[in-house]
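Asks: Based on what follows, work out the 3D shape:
(one chain, ligands or ions: 2)
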Amino acid sequence: MTDRMIDPVVTKRWKAHPEDSFTIERAVADGAYETLRLALSTETPQSLVDKVKASGLRGRGGAGFPTGTKWSFLAKDVYPRYLVVNDDEAEPGTFKDREITERDPHGLLEGALISAYATQASRVYIYCRGEFSLGYRRLQQAIEDARARGFIGEHIFGSDFSCQVEVHRGAGAYICGEETSLLDSLEGYRGQPRLRPPFPAVKGLYGAPTVVNNVETMATVPHIVRHGVDWFRSMGTEQSPGMKMFSVSGHVARPGNYEVALGLTLGELIDVAGGMAAGSTFKAAIPGGSSAPWVTDLNIQMSFEALAAAGTMLGSGAVVVFDQTTCAVRMATINTRFFNIESCGKCTPCREGTWWMRKVLERLEGGEGRQEDADLLFQLCEDMLPEAGAPASGRSFCALGDSAAWSLRSILKLFPEEFQAHVDEGACPLPQRRLFPAHASAGHGSAA
Ligand SMILES: Cc1cc2nc3c(=O)[nH]c(=O)nc-3n(C[C@H](O)[C@H](O)[C@H](O)COP(=O)(O)O)c2cc1C
Ligand code: SF4
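Replies: Ligands and ions are numbered 1, 2, ... in the order given. From the prediction side, this is the model:
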């Protein structure tokens, strides 16, 4: 087993008490809100920002931006400020935030309250994915219970810090996970990305300075505050310190969420998930959610820097593993269809590009592929992505368009023979299609 195995941190409470970890009684008995109390009595907002900055914590929502640095971008001396917790989690393959929300809503709330104190936000909005019915109910209950005990509201623990928390339910649009679309949606508008700059830290929710952070990022903060920077940096790599929850799915023996130290290899992570499913041999994997280009190297390190150097990304930590029976053309079609359906339509490259990609892929899948189709798909990707030497983002207005093209281009590069076979044979050449094993029910897939 990998030396990146750790004692549970974010997942600790529900590992110890799976039956009632979400209740306030159990959470408080397990120490919930004690770090908030400590922070309010011993730390200043600035010392907390400095601590999180020094820890090297990088956002767990997808982009991996350093959390403390993001906090320090807030417009100086402008109030009110808001903290928005991104609990939209619609990236295919990702299901870690759902488990945190359902199983440890108090850990999430404590992290959000400490972060609100650090950023001097007077209100926290949690944007909760509409489909999370159980998570939503538990979160609402947790807020009510925390408010009743004085952990939320006026003068928390007798301090000068007052903060309210509200939950807002999404309505199923993937684009509302993108932080500026999320802010529009929160304000009651149709969720579409905003032009940046200004960035939310300067002009965010209702025009006020706003920090948007992911659920897992928030749930990690209390542990850094309690155990310190050195403890956090003792795990992971120099550029990707700490632990991370990986949602592992696909053709592995035990799909589920696993909390490990960053920097293990893809092969080690698959071993943590029980190895490949019976009868499966490894073919490829998506290392960081549907937006991430595919990889075929089991020795690749699961860190922000190593995956970026390999032309892909850690993203949200959603690892989808494919075996020898997976048709690359079929997966490319499913993925592209998702991006096309979820494209918000605001900009032409993404709206039209994903539609054309989907149309050509469905033609190939339907047995009517043409000889020029793989080249055509490649060209469509190139047309959406940045030119060599240009800034990292492509020609679309937001990263959704880039993601669709990055992912498809990687599949075209890795498996050209499968696209050709679909043209030559007028059908999928693979003898059978194996369904993925069902995801382990929440918690059963946990590492420790
Ligand atoms: C299309 C799209 C969807 C996204 N969906 C999510 C999401 O569901 N949850 C999330 O935390 N971040 C999502 N993000 C990233 C957010 O824009 C933002 O970077 C993140 O919430 C910041 O939190 P962090 O710094 O803690 O990672 C998405 C980005 C894009 C472009
Ligand atoms: S890239 Fe796609 S999702 Fe993003 S703004 Fe353009 S059309 Fe909308």
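
Asks: mean confidence score for the one helix or strand V124 maps to?
Replies: Taking DSSP states H and E as the criterion, V124 maps to strand 123-128. Predicted confidence along strand 123-128 averages 98 (mean pLDDT).

Asks: So what's the gap between that strand and the chain middle?
Replies: In terms of C-alpha atoms, centre = their mean, to the nearest Å, the centre of strand 123-128 is set 17 Å apart from its chain centre.

Asks: Based on its surroundings, how many neighbours for the closest residue in space to A201 that isn't next to it in sequence?
Replies: In space, and not counting its chain neighbours, A201 is closest to F73: 4.0 Å by C-beta to C-beta, 6 or more residues apart in numbering. The C-beta positions use only the backbone N, C-alpha and C, and glycine is treated the same way. Close neighbours of F73, defined as other C-beta atoms under 10 Å, add up to 14.

Asks: Show me where the stretch 301-448 of the chain has its strands.
Replies: Listed in chain order, the strands of the stretch 301-448 of the chain (DSSP state E, counting those that start in this stretch) span 318-323.

Asks: Now the biggest helix by length in the chain: average pLDDT?
Replies: For the chain, the helix reaching the highest residue count under DSSP state H is reported as helix 348-365. Throughout helix 348-365, pLDDT has a mean value of 96.

Asks: contacting residues around it?
Replies: Residues lying outside helix 348-365 but in contact with it, judged by C-beta atoms under 8 Å, 6 or more residues apart in numbering, are 329-330, 332-333, 336-337, 339-340, 343, 345, 369-370, 373, 376-377, 380-381, 383-384, 394-398, 400-401, 404-405, 408, 419, 422-423, 428.

Asks: Can you name the residues of the stretch 1-150 of the chain that neighbour ligand 1?
Replies: Taking C-beta under 6 Å from any ligand atom as the contact definition, the stretch 1-150 of the chain meets ligand 1 at 59-63, 65, 67, 86, 88-91.

Asks: The same query, at a cut-off of 8 Å, please.
Replies: Counting by C-beta under 8 Å from any ligand atom, the stretch 1-150 of the chain comes close to ligand 1 at 58-65, 67, 70, 86-91, 94, 97, 129.

Asks: neighbours of the nearest residue to A374 once chain neighbours are set aside, just the number please.
Replies: Leaving aside its chain neighbours, A374 sits nearest to F419 (4.2 Å; criterion: C-beta to C-beta, 6+ apart). By the criterion of other C-beta under 10 Å, F419 has 22 neighbours.

Asks: can you tell me which residues contact the one residue sitting closest to the centre of the chain?
Replies: Nearest to the centroid of the C-alpha atoms of the chain, with distances taken as C-alpha atoms, centre = their mean, sits S316, at 2.9 Å. With C-beta under 8 Å, 6+ apart as the criterion, the residues that contact S316 are 60-62, 89, 91, 93-94, 96, 214, 247, 288-289.

Asks: Would you mind putting those into a markdown table with pLDDT, neighbour count and secondary structure alongside?
Replies: Written out in a markdown table, the entries for these read as follows (pLDDT from 0 to 100; neighbours: other C-beta atoms under 10 Å; DSSP: H, G, I helix; E, B strand; the rest coil):
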| residue | pLDDT | neighbour count | secondary structure |
| --- | --- | --- | --- |
| R60 | 98 | 28 | coil |
| G61 | 97 | 27 | coil |
| G62 | 94 | 25 | coil |
| E89 | 97 | 29 | coil |
| E91 | 93 | 24 | coil |
| G93 | 95 | 21 | coil |
| T94 | 96 | 27 | coil |
| K96 | 98 | 26 | helix |
| N214 | 98 | 25 | strand |
| S247 | 98 | 26 | strand |
| G288 | 96 | 27 | coil |
| G289 | 95 | 24 | coil |
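
Asks: Need the max-distance pair from the residues you listed.
Replies: Comparing every pair within those by C-beta to C-beta identifies G93 and N214 as the most remote, at 15.2 Å.

Asks: how about the residues of the chain that lie near ligand 2?
Replies: For the chain, the contact set with ligand 2 under C-beta under 8 Å from any ligand atom comprises 175, 178, 181, 192-193, 342-351, 354, 396-402.

Asks: Among these, name the buried ones.
Replies: Neighbour-count burial (16 or more other C-beta atoms under 10 Å) applied to the residues of the chain next to ligand 2 gives 175, 178, 181, 192-193, 342-344, 346-347, 349-351, 354, 396-402.

Asks: Which of those residues fall in helices?
Replies: 181, 342, 349-351, 354, 399-402.

Asks: Same list, those residues, but as CSV with distance to G158 please.
Replies: Formatted as CSV, the entries for those read as follows, by distance: C-beta to C-beta, whole Å:
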residue, distance to G158
S181, 39
E342, 46
P349, 54
C350, 51
R351, 53
T354, 54
A399, 43
L400, 45
G401, 50
D402, 48
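
Asks: Nearest residue to the residue in the stretch 151-300 of the chain that ligand 1 sits nearest to in space, please, no chain neighbours.
Replies: Scanning the stretch 151-300 of the chain for the residue nearest ligand 1 gives G177, at 2.2 Å (criterion: C-beta to the nearest ligand atom). For G177, the nearest residue in space outside its immediate sequence neighbours is D88; the separation is 3.8 Å by C-beta to C-beta, 6+ apart.
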